[in-house]
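>>> Need coordinates for the below:
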Amino acid sequence: MPVEISIIGAGAWGTALAVAARRAGNEVLIWAYEADVADSINIGHENSVYLPGRELDPDIRATADLSDTADADIVLLAAPAQHLRRTVGPLADALSPATPLVICAKGIEQDTRALMSEAVSALFPANPVMVLSGPTFAAEVAGGSPTAVTLAADSITAAQRVADALSSARFRPYSAVDVTGAQIGGAIKNVLAIACGIAEGCGFGDNARAALITRGLAELTRLCVAKGGRSETMAGLSGLGDLVLTCTSTQSRNYSLGLALGQGRTLAEILEERNSVAEGVYTASAAVALAEELEIDMPITAAVNALLNRGAEIDAVIGALLARPLRTETD
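Model (predicted):
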């Protein structure tokens, strides 16, 4: 049965989610921070800024007034992770406490080290908070390529209801109950994708990338368990699935950023020419701080953070990683 779905955030991913939700037969309203993006969607049926060249269903409506989104049956939160709390805050007194809030942003808050669910629940303590995550490139979702994702909630029944609403022949949400794990996978894989991009840019080859993915999986599993998530979640779509996708394709904003760094460009140069967010840049420092707080070891994440945020040189960081003491693989 069709439902009314609001999407907060009209970047590439938010727009792709609007396409998927509409393809599933729902009424869709997408909120854009920029009025010209809303106009582009309403008038030209295209998000010419963030997802150019993709014709949108004329029944997808857009608004630049956040309050317009408050009457939806389901709200998808697709604003960038570092801005999500501030973006949705004005809706705190406007939403029904029964409205599910589905987090579609991937990251950890820099200032607070909060997961997105912790940030959203602080504002909306009565609302069901869920997480949609998994191996997704926006352009492929919008284009109708077959895609599978995790839809995690505290209640499997609640997760299934939202999954049913978003489901279509080409977009398959699998229900789960590990809200924490689904977020850890989505957040940390962005940092690891930067590492894999750097390795590619430095010409280290496929062996090195496979090692980074595998040892990176150990890192995000360690963090997941320390935060109270389930280790088996990291073997699923929101863990290994998302990690493999993001670490192996230049479609990934984080991988391509790492690639450019490995080829000798500066972070400032790369960011200046982009209008999209590479969440791993911001999540790296938050993840390192969280790992220290939880007393767990995340050497690859720490190495990426040193490069991005502490002025370290690539050769020195790589040398330090390679010089780490040998240990058993399960440590």
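>>> Now Gly134: closest residue in space, sequence neighbours ignored.
Val149 (3.4 Å; CB to CB, 6 or more residues apart in numbering). Quick note: C-beta positions are derived from backbone N, CA and C, even for glycine.
>>> Could you list the low-confidence segments of the stretch 51-200 of the chain?
For the stretch 51-200 of the chain, no stretch is flagged by pLDDT under 70.
>>> rewinding a little: quick one: classify the residue nearest to Gly134 as helix, strand or coil.
Classification of Val149 using DSSP: H, G, I helix; E, B strand; the rest coil returns strand.
>>> so how far is Glu273 from it?
30 Å (CB to CB, to the nearest Å).
>>> Show me where the stretch 51-200 of the chain has its strands.
61-63, 74-77, 101-103, 129-133, 147-152, 171-176 (DSSP state E, counting those that start in this stretch).
>>> Distance to Asn42 and mean neighbour count added to these, as CSV?
Formatted as CSV, these follow (distance: least, CB to CB, whole Å; neighbours: other CB atoms under 10 Å):
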stretch, distance to Asn42, mean neighbour count
strand 61-63, 5, 20
strand 74-77, 19, 26
strand 101-103, 23, 27
strand 129-133, 25, 28
strand 147-152, 26, 24
strand 171-176, 23, 21
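>>> closest one to Leu212 among those?
strand 129-133 (20.6 Å; CB to CB).
>>> Please save the CA atoms from the closest one in CSV.
Output in CSV follows, covering the C-alpha atoms of strand 129-133 (Å, rounded to 0.1, in the frame of the first residue of the first chain):
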residue,chain,number,x,y,z
VAL,A,129,14.8,5.4,14.7
MET,A,130,16.0,3.1,12.0
VAL,A,131,19.0,2.8,9.7
LEU,A,132,19.2,2.1,6.0
SER,A,133,22.7,1.1,4.9
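>>> Name the residues that touch it?
76, 100-104, 106, 116-117, 120-121, 149-153, 158-159, 162, 166, 173, 179, 182-183, 185-186, 237-238, 242 (CB atoms under 8 Å, 6 or more residues apart in numbering).
>>> between it and strand 147-152, how big is the angle?
Between strand 129-133 and strand 147-152, the angle comes out at 160 degrees (axes from the mean of the first three to the mean of the last three CA atoms, to 10 degrees).
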